[in-house]
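>>> model the following, please.
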Amino acid sequence: MKVNAPSYPARYWHQIEDGRLQCDLCPRDCKLHEGQRGACFVRMREGEQMILTTYGRSSGFCIDPIEKKPLNNFYPGSSVFSFGTAGCNLACKFCQNWDISKSHDMDRLMDQASPQAIAKAARQQGCKSVAFTYNDPVIFAEYAMDTADACHALGLQTVAVTAGYIHEQPRRDFFAKMDAANVDLKAFTEDFYFKLTSAHLQPVLDTLLYLKHKTDIWLELTTLLIPGRNDSDEELTAMCGWISKELGPDVPLHFSAFHPDYKMVDVPQTPLATLVRARNIALQQGLHYVYTGNVHNVEGDTTFCPGCKAPLIVRDWYQINDYRLTASGHCPDCGTAIAGRFDAASGHFGRHRIPVTLG
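Numbers count the residues shown, from 1 in each chain. Predicted coordinates for the structure are as follows:
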């Protein structure tokens, strides 16, 4: 059903000397005249206020395996109620969800979706958590935070899938509502961020440091490896060394395969060998949980004990074939505590992907 949602007042802005309104949500600091939209397209000046044009509207809902977010050490095998809106505050030339994140067509937002309706639907469907995903939830922060409150009221967990490009104050407010996050660390050079995402690296690193050291959020990282752009041994070694030193060896890292899309259709798909090489570099740098994505690789899907190296959660794509953690989340062979959030047994949602209609 097409929805004409009312304007919703946005937070995080102020008026500057020349009369424009500056958005203070993310480091883009968009400065807007009447009727103008920010780079994300969804935050707009309306009169003397900033509004969020996508509050209460979604590009669609789906029940996914939690491993698809990807989160491998956060209630493995459980189902997550996933949704997004439209727009993005980065301009990645390699975007794998460009039809949603780059959309300026508000008519794709067909589903009316109040925070309470989303939480109720997720609980009715037996989901463990709700994920703000598909496009970056930072840009619809008010909507996501209200939905997170509604989810917590019903005992549901909340998950942010984000690039982490956000200013300090909204960062504190937004992530205070989240139980887990997967943050895209798109590369480890400023040159890559500036040329291929029209953004900067340091604000993302600041977000990662904040999440790890100032919150109790369960954190995992994803890097999409693009041939010839961010997959050199030198860059991977530097990135994994930084993660190990600054965030700690227990933060899971996912290396995901690029496929030609959006404005980089001339770049070849990432070969499996590149993901395996990157995974080996990460393990050599001391990271304990390193995964591969968008390819079929059982070893790269599996959670191993960092102590005795025994396979503990064996996956084939998103299907869990063996789950050997103790009820307290330890290795049954050597007793090593496995970092993450775990139930006494894994879920069995598997590889399903179930579209859901609300309204």
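>>> confirm for me that Thr302 is in contact with Pro311.
Yes. Thr302 is within contact range of Pro311, at 5.1 Å (criterion: Cβ atoms under 8 Å). No exception for glycine: its C-beta is placed from N, CA and C like everyone else's.
>>> those two: which is more packed in?
Between Thr302 and Pro311, counting by other Cβ atoms under 10 Å, Thr302 is the more crowded of the two (19 against 15).
>>> in contact with the more buried one: list those residues for me.
Each residue near Thr302 by Cβ atoms under 8 Å, 6 or more residues apart in numbering is listed here: 311-315.
>>> over to it: give its phi and psi.
Backbone dihedrals for Thr302, given as degrees, to the nearest 10, come out at phi -90, psi 140.
>>> distance of it relative to Arg279?
Distance, Thr302 to Arg279, by Cβ to Cβ, to the nearest Å: 11 Å.
>>> what's the answer for Glu190, then?
25 Å.
>>> go through stretch 125-144 and flag the buried ones.
By neighbour count on 16 or more other Cβ atoms under 10 Å, the buried set for stretch 125-144 is 127-144.
>>> so in terms of bridging, what pairs with the residue nearest to the spatial centre of the chain?
By Cα atoms, centre = their mean, the mean C-alpha position of the chain lies nearest to Val161, the distance being 1.6 Å. In this entry, Val161 is beta-bridged to Asn182, by DSSP bridges.
>>> which residues touch it?
Per Cβ under 8 Å, 6+ apart, neighbours of Val161: 69, 131-134, 136-137, 181-182.
>>> how does it look with 6 Å?
Neighbouring residues of Val161 by Cβ atoms under 6 Å, 6 or more residues apart in numbering: 69, 131, 133, 182.
>>> ok, so of the residues you listed, who is nearest Lys245?
Comparing the contacts of Val161 against Lys245 with Cβ to Cβ places Asn182 closest, at 20.7 Å.
>>> in this structure, which helix or strand is least confident?
Every helix and strand of the chain was ranked by mean pLDDT, DSSP states H and E. The lowest is helix 98-101, at a mean of 56.
>>> the longest strand along the chain - contacts with which helices or strands?
Longest strand in the chain, counting residues (DSSP state E): strand 218-225. Counting contacts by 3 or more Cβ pairs under 6 Å, 6 or more residues apart in numbering; DSSP states H and E, strand 218-225 is packed against strand 180-184, strand 253-257.
>>> ok now whatever helix or strand comes next after that strand, how far from the chain's centre?
Toward the C-terminus, strand 218-225 is succeeded by helix 233-242 as the next helix or strand (DSSP states H and E). Distance, stretch centre to chain centre, for helix 233-242: 21 Å (Cα atoms, centre = their mean, to the nearest Å).
>>> select from the contacts of Val161 every entry located in strands.
131, 182.
>>> low-confidence ranges in this structure?
For the chain, applying pLDDT under 70 flags the ranges 1-6, 97-111, 359.
>>> at 80 what do you get?
Scanning the chain for pLDDT under 80 picks out 1-7, 96-112, 261-262, 359.
>>> how is it carved up into domains?
Following automatic domain parsing, one finds the domains of the chain at 8-52, 57-356.
>>> out of those domains, which is the most enclosed?
domain 57-356 (a mean of 19; mean count of other Cβ atoms under 10 Å).
>>> quote the end-to-end distance of that one.
Start and end residues of domain 57-356 are separated by 14 Å (Cα to Cα, to the nearest Å).
>>> chain center to it, what's the gap?
Worked out by Cα atoms, centre = their mean, domain 57-356 lies 4 Å from the chain centre.
>>> now swap in stretch 21-36 and tell me
With Cα atoms, centre = their mean as the basis, the mean position of stretch 21-36 lies at 24 Å from the chain mean.
>>> who's in contact with the residue nearest to Glu220 when sequence neighbours are not counted?
Leaving out its chain neighbours, the residue that sits closest to Glu220 by Cβ to Cβ, 6 or more residues apart in numbering is Pro252, at 4.3 Å. By Cβ under 6 Å, 6+ apart, the residues touching Pro252 are 72-73, 220, 289.
>>> what about 8 Å?
By Cβ under 8 Å, 6+ apart, the contact set of Pro252 is 72-73, 220-221, 289-291, 339-340.
>>> out of the buried residues of stretch 125-144, list just those in helices.
If you go by DSSP state H, the buried residues of stretch 125-144 have 141-144 in helices.
>>> with distance to Gly307 added, can I get those residues in a markdown table?
Shown next, in a markdown table, are these (distance: Cβ to Cβ, whole Å):
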| residue | distance to Gly307 |
| --- | --- |
| Ala141 | 39 |
| Glu142 | 43 |
| Tyr143 | 42 |
| Ala144 | 37 |
